[in-house]
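In: Structural data only, the sequence is not supplied:
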């Protein structure tokens, strides 16, 4: 299949995943039945639906990741795929807790109008592809160990087969020979009787029609008619075939006739080769672009950051009261550094949003720690409450939703894939990726500028402290 086919399939899968996340809302207390057994049945049916939907999305998403050629898109798809795998395993563990290892999913398949084939769990192929070197190294090591000890896998298999064979008696061997001989004689007798019957039927027809011999000229004309018809039909078929081959609507005899599975395997191998080439090119270009940006644009970016922070410090010093010293307290790296410092004092929505996000992250970590520590002690209570009987942490859904949102924001308006026939990396996206983010170039340069600013502020505070002491001493002498 073409690149456009997998792009459309990926778009459909992302839409399904977004709808699934929107649909996956915790049931309210009003909907839950009051009976504990009915509650368990309700949760079981709910998670059965989630299990089948996530499995369908997972298989489609894995197919897209396996065949997409654009290296940057593959990295983003892999993040979403891994989050989907984690969520799917979480749903599966909850379903096992509710209904055991074997759960009846027939009703869910009927509701979704799907066949049982969608329930097949396909192990992601990149598990093996990413560890291909390690697997080859392990195979080489095993072969060396087997050769060192004089063990051959085929010899072991033959020895095991020979050991399992039961010796044949003379009576059994004679019986097999007799059975085969009787079958041969029966087939030969049947063939003789069939030929005799055909001969008698031919003689009977000749006697009835009264034609024992045909005229020589009529026989020649009949042979010529049959031969010319055969030759004409053969030439016509050849001309039609050549015309279709010329128009590209049929394959020539030189093209190898492959089955559908062989064609799919060859196409996949070719795309895998292109994937490896695009990935190696991206890694090389990523390293080269990073070094070039740091070398050519790094000093200018550092200077702009430094000037902006110094300007902020000067504004703070001008607006500060006379007795405060005029120098602000610069936040530490853990508190945000210059990012937080540039937002302070402006009372805008960005600072409030950053503080709210930090508070939410801290609360989520504390809640997760409490659940882990108190999960074993409160087992009895969890069994009593129908709502708490199912432990479904919201962090997994949030991570999946954030990964999906990041993918959509990055690739929704990206229109260069149609013209990018070879599916090479996008230089603009590569630059954006290298510059932004927690491990980006801007963050790295910002940390260096923050270290310089802290050092400068410490020197200024030390100088201002010495100047204040000298003034106080002069006043005492007067």
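Out: Happy to help now that I have it. Treat the numbers as computed from the prediction; the structure is a model and nothing was measured.
In: pLDDT of the longest helix along the chain, averaged?
Out: Using DSSP state H, we find that the single longest helix of the chain is helix 170-209. Regarding helix 170-209, the rounded mean pLDDT is 90.
In: other SSEs contacting whatever helix or strand comes next after it?
Out: Following helix 170-209 in sequence order, the next helix or strand is helix 216-247 (DSSP states H and E). Here helix 216-247 touches no other helix or strand, going by 3 or more CB pairs under 8 Å, 6 or more residues apart in numbering; DSSP states H and E. For the C-beta atoms, the positions are set from N, CA and C on the backbone; glycine is no exception.
In: Following the chain onward from helix 216-247, which element is next?
Out: Following helix 216-247 toward the C-terminus (DSSP H and E): helix 260-296.
In: Quick check: buried residues in that following helix?
Out: By 16 or more other CB atoms under 10 Å, the buried positions in helix 260-296 come out as 271, 275, 278, 279, 282, 286, 289, 290, 293.
In: wait, what's in contact with the residue lying closest to the second one once chain neighbours are set aside?
Out: Computed as CB to CB, 6 or more residues apart in numbering, the closest residue to residue 275 that is not its neighbour in sequence is residue 69, at 5.8 Å. For residue 69, the contacting residues are 3, 271, 274, 275, 278, 422, 423, by CB atoms under 8 Å, 6 or more residues apart in numbering.
In: who touches the second one in this structure?
Out: Contact criterion CB under 8 Å, 6+ apart gives 67, 69 as the residues in contact with residue 271.
In: Now with 10 Å, please.
Out: Going by CB atoms under 10 Å, 6 or more residues apart in numbering, residue 271 touches 1, 3, 6, 66, 67, 68, 69, 423.
In: Reformat those as CSV; add pLDDT, secondary structure and distance to residue 332.
Out: Shown next, in CSV, are the contacts of residue 271 (pLDDT from 0 to 100; DSSP: H, G, I helix; E, B strand; the rest coil; distance: CB to CB, whole Å):
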residue, pLDDT, secondary structure, distance to residue 332
1, 59, coil, 53
3, 77, helix, 48
6, 81, helix, 47
66, 88, helix, 45
67, 86, helix, 47
68, 86, coil, 42
69, 86, coil, 45
423, 76, coil, 44
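In: which of the residues you listed has the most neighbours?
Out: Greatest neighbour count in these, by other CB atoms under 10 Å, goes to residue 68: 23 neighbours.
In: From residue 266, how far off is that one?
Out: In this view, residue 68 and residue 266 are 18 Å apart by CB to CB, to the nearest Å.
In: next one: residue 42
Out: With distances taken as CB to CB, residue 42 is found 49 Å from residue 266.
In: doesn't residue 62 make contact with residue 9?
Out: No. With contact defined as CB atoms under 10 Å, residue 9 does not count as touching residue 62 (11.3 Å).
In: For the stretch 301-450 of the chain, which segments count as helices?
Out: 338-343, 349-374, 379-384, 394-411, 427-435, 441-477 (DSSP state H, counting those that start in this stretch).
In: Lowest mean pLDDT across the ones you listed, which one is that?
Out: Taking the mean pLDDT of the helices of the stretch 301-450 of the chain, helix 379-384 comes last: a mean of 42.
In: so which helix or strand takes in residue 53?
Out: Residue 53 belongs to helix 36-67, assigned by DSSP H and E.
In: Pull out the buried positions in that helix.
Out: By 16+ other CB under 10 Å, the buried positions in helix 36-67 come out as 39-40, 42-44, 46-67.
In: how much space is there between residue 104 and residue 276?
Out: 43 Å.
In: and if you look at residue 263?
Out: 21 Å.
In: cool, residue 463 as well?
Out: Residue 463 is 59 Å from residue 276, by CB to CB.
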